[in-house]
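[1] Could you work out the structure for the sequence below:
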Amino acid sequence: MHDSQNGNPLYLAAVCLVASLGGLLFGFDTAVISGTFGFVEQQFSLTTLQVGWFGSSALAGCIVGALFAGTFGDRFGRKPVLLGSGVLFFVSALGSTIAPSFDALISARIVGGIGIGMASVLAPLYISEFSPPRVRGRLVATYQLSIVLGILAAYFSNWALLRCGATYFPGGNSWWNWIFVEDLWRGMFAVEMVPASVFTVLLLLVPESPRWLIMAGRDTCGLAVLAKVGGQDAAQSELAAIRAVLSQQPGRLRELLCPGLRKAMLVGVGLSVFGQLTGVNVVVYYGPSILEDAGFPLANALQYQVALGVINLVATLFALAVIDRQGRRPLLLGGMSVVVATTGLVAFLFSLEADVALWIMTLLCVYMFCVAVSICAVIWVLTGEIFPARLRGRAMSIATFANWTTNGVAALLFPWYVDRFGMSTGFATFAAICLIGTVFFARLVPETKGKSLEEIEQFWLN
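    A predicted model of the protein is given here:
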């Protein structure tokens, strides 16, 4: 039920929850690979660069998906492109499960990466275009929460299959024995087909973004959606504000190079690049390998990886609770300051020859909490807020393209880099980059708490 004054908060929450499931698939797909490296490396006799290519192949697809998602989203709508990403998630999971060769496995991972890239642009964008200013930070942050839940689900799924696969999937030459016991890595990928199916079906039940509908000239439909979200009076006010902004902007991509919006573009790209070079996704992808290098056996490494996932979840819930009250900048700057310190200390401990595995694990827990509560929670909120309406999809594509390109290069080169220079140098490099990133954030990232998308746009233009 909703009324003309208040709208329907349950409707808003349900729509945003469905869109955020794209983040769950994003998290699951990027983290599930962490438990498969040893098995795939052994089965296909991979070199260290091939291991890096396996780890980063999905990211190559992410770059492509992110690059085109904004243009497609602006032209065809947010919802159809999100539906396409759900289909690609399912196809990738199935293809990875039955892949007969390393090349086929890489192809399936790239397909899934395209879906991740598309969802990473349009899911937070879709949520931000639905959300009232007073709760937009929390609602967009549910996308990051879903990523974290997906990561944790993948960690737990990998650990549970490693521990229980032979017990729950016994039997001869059956297909489930092949997937869940003999080639256990196939089972790890197979699990993703379930959430991919749920995401795709639920998307059929939600509406198109109201701001896109208005941008496309479908004002009546857009107004009806806005009224369901915030009530009729608020909807009329928002419609007028959206029309006013749209009438001022020609919607050309080169406008992002003009004064004001050029700074917005720099902030969006900077958040994306420095967000990846914190090393957070390297820990997600290669966490078990890092913990093995610290001195833990594989079974314990996977178990501790689940613990890191739980900490990631707790930190994200904390950020979700305070981001609209405390603002984006305090979380970003406070958390990143601790990230600089912890990555530096981990680098120092890896340089010692003493048994410091538990100390490294403890510092990684602190690191994971702080990176999750800062850049990981803030990046999707800010990149969904800071760009003008007619360019929002394409501008987010550029920022997310930078995100996935940086992520892909880091994931590709990390195994080779630490093999050549050592784990200590790897974390020292992350510490130095995080320090530069923290200075960048302090100087350039604005506070957007409590502002409407149209007010933020006028802030850049003024």
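
[2] all contacts plus neighbour counts: C-alpha atoms, from now on.
    Will do.

[3] Could you report the separation of Cys164 from Ser452?
    50 Å (CA to CA, to the nearest Å).

[4] More neighbours: which of the two?
    Ser452 (19 against 13; other CA atoms under 10 Å).

[5] Let me know whether the more buried one touches Pro132 as I believe.
    Yes - taking contacts as CA atoms under 8 Å, Ser452 lies within contact range of Pro132: 7.4 Å.

[6] what is in contact with these two at once?
    Listed as contacting both Ser452 and Pro132 by CA atoms under 8 Å, 6 or more residues apart in numbering is no residue at all.

[7] List the residues that contact the residue nearest to Val40 when sequence neighbours are not counted.
    Leaving out its chain neighbours, the residue that sits closest to Val40 by CA to CA, 6 or more residues apart in numbering is Trp185, at 7.2 Å. Residues near Trp185 by CA under 8 Å, 6+ apart: Gly35, Thr36, Phe39, Val40, Thr97, Ile179.

[8] In helices, which of the residues you listed fall?
    Phe39, Val40, Thr97 (DSSP state H).

[9] Can you say which of those are buried?
    Among those, the ones that count as buried by 16 or more other CA atoms under 10 Å are Val40, Thr97.

[10] pLDDT averaged over the longest helix along the chain, what's the number?
    Secondary structure assigned by DSSP H gives helix 136-168 as the longest helix of the chain. For helix 136-168, mean pLDDT rounds to 78.

[11] in it, what's buried?
    136-159, 161-162, 165.

[12] Please apply the same query to stretch 36-54.
    Thr36, Phe37, Val40, Glu41, Leu46, Thr48, Gln50, Val51, Gly52, Trp53, Phe54.

[13] Straight-line length of that stretch, end to end?
    By CA to CA, the extent of stretch 36-54 from end to end equals 10 Å.

[14] which residues are in contact with that stretch?
    Contacts to stretch 36-54, defined as CA under 8 Å, 6+ apart, come from residues 55, 101-102, 106, 183-185, 188, 411-416.

[15] Got a quick ChimeraX command for the buried subset of the residues you listed?
    Only the buried entries of these go into this ChimeraX selection, using 16+ other CA under 10 Å:
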select :55,102,106,183,184,185,188,411,412,413,414,415,416
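
[16] Looking at the contacts of stretch 36-54, spot the one nearest Ala240.
    Of all those, Ala411 has the smallest distance to Ala240: 45.4 Å, by CA to CA.

[17] Isn't the closest one up against Ala60?
    No - assessed by CA under 8 Å, Ala411 is found out of contact with Ala60, at 10.5 Å.

[18] residues contacting Gly27?
    Ser146, Ile147, Val148, Leu149, Gly150, Ile151, Ala154.

[19] Adding distance to Asp324, write those out as TSV.
    Shown next, in TSV, are these (distance: CA to CA, whole Å):
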residue	distance to Asp324
Ser146	18
Ile147	19
Val148	19
Leu149	21
Gly150	24
Ile151	24
Ala154	29
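
[20] The strand or helix carrying Gly268: what's the following helix or strand?
    Assigned by DSSP states H and E, Gly268 belongs to helix 261-276. Toward the C-terminus, helix 261-276 is succeeded by helix 280-294 as the next helix or strand (DSSP H and E).

[21] just to revisit the earlier point, farthest-separated two in the buried residues of stretch 36-54?
    Spanning the widest gap among these are Thr36 and Thr48, at 14.5 Å by CA to CA.

[22] For Trp404, see how far away Gly117 is.
    From Gly117 to Trp404 the distance is 8 Å (CA to CA).

[23] can you list residues touching both of the two?
    Cys62, Ile63, Ala66.

[24] and of the residues you listed, the nearest to Met193?
    Met193 lies nearest to Cys62 out of the shared contacts of Gly117 and Trp404, by CA to CA, at 18.5 Å.

[25] ok, that closest one - contacts?
    Ile110, Gly113, Ile114, Gly115, Ile116, Gly117, Met118, Phe401, Trp404.

[26] correct me, but the last one touches Leu59?
    To tie it back to what came earlier, the one meant is Trp404. Yes - with contact defined as CA under 8 Å, Trp404 counts as touching Leu59 (6.1 Å).

[27] what distance separates the start and the end of stretch 219-239?
    8 Å.

[28] Next, the buried residues of it.
    Buried, per 16+ other CA under 10 Å, within stretch 219-239: 219, 221-223, 225-232, 234-236, 238-239.

[29] Can you flag which of the contacts of stretch 36-54 belong to helices?
    Gly55, Phe102, Ile106, Leu184, Trp185, Met188, Ala411, Leu412, Leu413, Phe414, Pro415, Trp416.

[30] pLDDT value on the nearest residue to the second one once chain neighbours are set aside, please?
    Right, Phe102. Excluding the flanking residues, the one nearest Phe102 by CA to CA, 6+ apart is Phe44, at 6.6 Å. Listed pLDDT for Phe44 reads 87.

[31] those helices in the stretch 251-400 of the chain, which residues are they?
    261-276, 280-294, 298-326, 328-351, 357-373, 375-383, 392-421 (DSSP state H, counting those that start in this stretch).

[32] Could you check the angle the shortest one makes with helix 298-326?
    Helix 375-383 and helix 298-326 meet at an angle of 40 degrees, taking axes from the mean of the first three to the mean of the last three CA atoms, to 10 degrees as the criterion.
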